[in-house]
Every structure is written in structure tokens, then in C-alpha cells.
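Colleague: Quick check, what structure comes out for this input:
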Amino acid sequence: PEIVLGAERKDAFGHGIRLTLEVLANQLAVAMSNAAAVSRLEELATTDGLTGCLNKRTFLEKLDEKLRSAQRFGKPLSLIVTDIDHFKSINDRLGHAGGDAVLQAFARTCRRGLRANDTLARWGGEEFLLLMPSTRIGDAEIIVKRILDHVRSAPFPAGDCPVDVTFSAGVVERMPGEKMALTVLRADAA
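Modeller: Model (predicted):
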């Protein structure tokens, strides 16, 4: 960022004023640098470094927030648990760099199928969770099919060896009064 100060008349800012403005500009630069650093730290603390999805801890916070909202307004809430099929064999065949590339491509593909108010998180390993507020199970299933179509449309990049990827998904709608931990367990079992 650049700060520009102007005046209509020549030499409007005397030496003392220029020194004061220089001090203020330096303070502003430090404050802006600190704000950028805090923003970066927040990003590192809330997202999975590999996929850019929310991390598990942040997802649980979002989940709690969305659950309270759904309960307050009597809205449905659906959850999808996805698991990349045979991921260990992908890692064994392509190495961890290839596996990482598949995880990144899968996350990008999931994001393409989601709506603005949906939340995607990497739950762990090759497992991802998608939280969909104000969504009935039938609509959540449509979203899973959309993501599946995107996954099927082209092999995922994995270095020199593109790989076809499939995934399993459990789709559930939270039951009224159900604890979210149970909803997650039902989605995982599904």
C-alpha cells in the first residue's frame, strides 16, 4: 500500500509536519504489516495446509454455529462424509506426493460442487466432511451426485500419472434434537 498526501500550495508541509507524517506513516506501515501477519496466522490455524479446506477444529466450531442456527430457526441441516476409495493403494503406487496431489484435486472438485453457504473440511487422511445448512437429505444427495460427476469427468493429476478416483459418501440429515456427534457417526456409517 502507498500513502499519498497532497496540498494545493507549494511547501504546504513544513519540516516539522513532514517529520510527524513520516512517523505516522511508519506506524501505519507496522500496523498494516501486523494485520497481515495476524491474518496469515489465522489462516494457518483454521485451514488444512495441504488442501486449503477448514481443519477439523475449525469445522467443529462452524458445525456448532450452524447447528445452533438450524435449531433456532427450525431449519434442516445435512452432512456428508466422503472417503476417497483405495487411497492407501494410490499412496503406495504414486508415493505421498502423488497422494497429496489427489487430495488437493479432490478438495478442489468438492468445492466446485458446493454452494456458497456450504462448508467443506478435511476431517483426516482422505476423509472430508461437507456441512449443508438449510438442506434436506434429498438435496444433499443431489450435491453428492454433482461432485461425483465432477470426479468422474477427468482423471486427477498426480504427477506424471493421472489417476481415476472414486469415493464413498454417507449422507444424512440431522434429526430434530439429535446431538451433532451422533449425526457425524451416522454419516460416517452411511
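Colleague: For the chain, just list every one of the helices.
Modeller: Taking DSSP state H, the helices of the chain run over residues 15-46, 56-73, 87-113, 137-153, 180-189.
Colleague: Could you look over these and pick the most buried one?
Modeller: helix 87-113 (a mean of 17; mean count of other C-beta atoms under 10 Å). To be clear about C-beta, it is placed using only N, CA and C from the backbone, and glycine gets the same treatment.
Colleague: for that one, the distance to its chain's centre please.
Modeller: From the chain centre to the centre of helix 87-113 is a distance of 16 Å (C-alpha atoms, centre = their mean, to the nearest Å).
Colleague: Dump the helices of the chain to TSV, plus mean pLDDT and distance to T119.
Modeller: Formatted as TSV, the helices of the chain follow (pLDDT from 0 to 100; distance: least, C-beta to C-beta, whole Å):
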stretch	mean pLDDT	distance to T119
helix 15-46	73	12
helix 56-73	89	5
helix 87-113	92	11
helix 137-153	93	12
helix 180-189	86	13
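Colleague: In a markdown table, list those helices along with distance to L79.
Modeller: As requested, those are exported to a markdown table (distance: least, C-beta to C-beta, whole Å):
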| stretch | distance to L79 |
| --- | --- |
| helix 15-46 | 19 |
| helix 56-73 | 8 |
| helix 87-113 | 14 |
| helix 137-153 | 8 |
| helix 180-189 | 5 |
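Colleague: of the ones you listed, which approaches F128 most closely?
Modeller: Smallest distance to F128 across the helices of the chain (C-beta to C-beta): 6.2 Å, for helix 87-113.
Colleague: Give me the helices and strands touching that closest one, please.
Modeller: Packing contacts for helix 87-113, counted by 3 or more C-beta pairs under 8 Å, 6 or more residues apart in numbering; DSSP states H and E, involve strand 77-84, strand 119-124, strand 127-133, helix 137-153.
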